[in-house]
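Q: quick one, structure for this:
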Amino acid sequence: MNSQPQMTNESKPYQVSFVNRIMDAVRRLPVPYWLTYLILFIVHSLIHLIISWLDGWLSPFSIDPLLFTFPLWLWGTLAIMTYLDGIALEALSEFSPLLELDESGMQRLKFEFTTLARLVREATQADLTT
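A: Model (predicted):
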């Protein structure tokens, strides 16, 4: 799978969000990203279960499917976003000859396709100034 576009701080149109920092850290690991998110989902779910058992909300060793909702929303969403970033980079690579952009323009387009802005206000201001 393609790697994230590398840009210097001066050439970035906006600052990278915390979500993208997490996804980039997961991509740099030596294991597939989906396995990392699966392990994080299982650990997060186990923590929820153990706290529920200790708190008395659930009887010991019983499972409530509702407890898996928040870990699924958190880690599942990040896994889907990581997958879609890869698809976006592949599509851009396939269509790059038709775009007639130089290397810096292509890097900026890849950055904008795969990176969330830290704040919506910053992204809006970056779009207005270009």
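
Q: contacts, neighbours, all on C-alpha from now
A: Fine.

Q: my read: L78 touches M23, true?
A: Yes: assessed by C-alpha atoms under 8 Å, L78 is found in contact with M23 at 7.1 Å.

Q: hey, what's in contact with both of the two?
A: Taking C-alpha atoms under 8 Å, 6 or more residues apart in numbering as the contact rule, L78 and M23 touch no residue in common.

Q: contacts for the helix or strand hosting R27 next, please.
A: Under the criterion of DSSP states H and E, R27 resides in helix 18-28. Contacting residues not belonging to helix 18-28 are listed as 4, 33, 36, 78, 82, 115-116, 118 [C-alpha under 8 Å, 6+ apart].

Q: and that helix, what's buried?
A: Burial within helix 18-28, assessed by neighbour count using 16 or more other C-alpha atoms under 10 Å, is assigned to 20, 23, 26-27.

Q: just the pLDDT for T129.
A: Confidence at T129, expressed as pLDDT, is 61.

Q: then L72?
A: At L72, pLDDT is 94.

Q: does the nearest residue to it once chain neighbours are set aside lie in a helix or a strand, and which?
A: Among residues not flanking L72 along the chain, F41 sits closest, at 6.6 Å (C-alpha to C-alpha, 6 or more residues apart in numbering). Element membership for F41 (DSSP H and E) is helix 33-55.

Q: ok, I47 to L67 distance?
A: For I47, the distance to L67 equals 10 Å [C-alpha to C-alpha, to the nearest Å].

Q: quick one: which of the two has more around it?
A: Ranked by neighbour count (other C-alpha atoms under 10 Å), I47 and L67 place L67 first, with 16 against 13.

Q: so the more buried one makes contact with H48?
A: Yes: with contact defined as C-alpha under 8 Å, L67 reaches H48; the gap is 6.5 Å.

Q: just give me the residue right at the centre of this protein.
A: For the chain, M23 is the residue whose C-alpha lies nearest the centre (C-alpha atoms, centre = their mean; 4.0 Å).

Q: residue contacts, the residue nearest to L72?
A: Going by C-alpha under 8 Å, 6+ apart, F41 touches 71-72, 75-76.

Q: pLDDT score for it?
A: 97.

Q: quick one: the helix holding F41 to chain centroid distance?
A: The chain centroid and the centroid of helix 33-55 are separated by 19 Å, computed with C-alpha atoms, centre = their mean, to the nearest Å.
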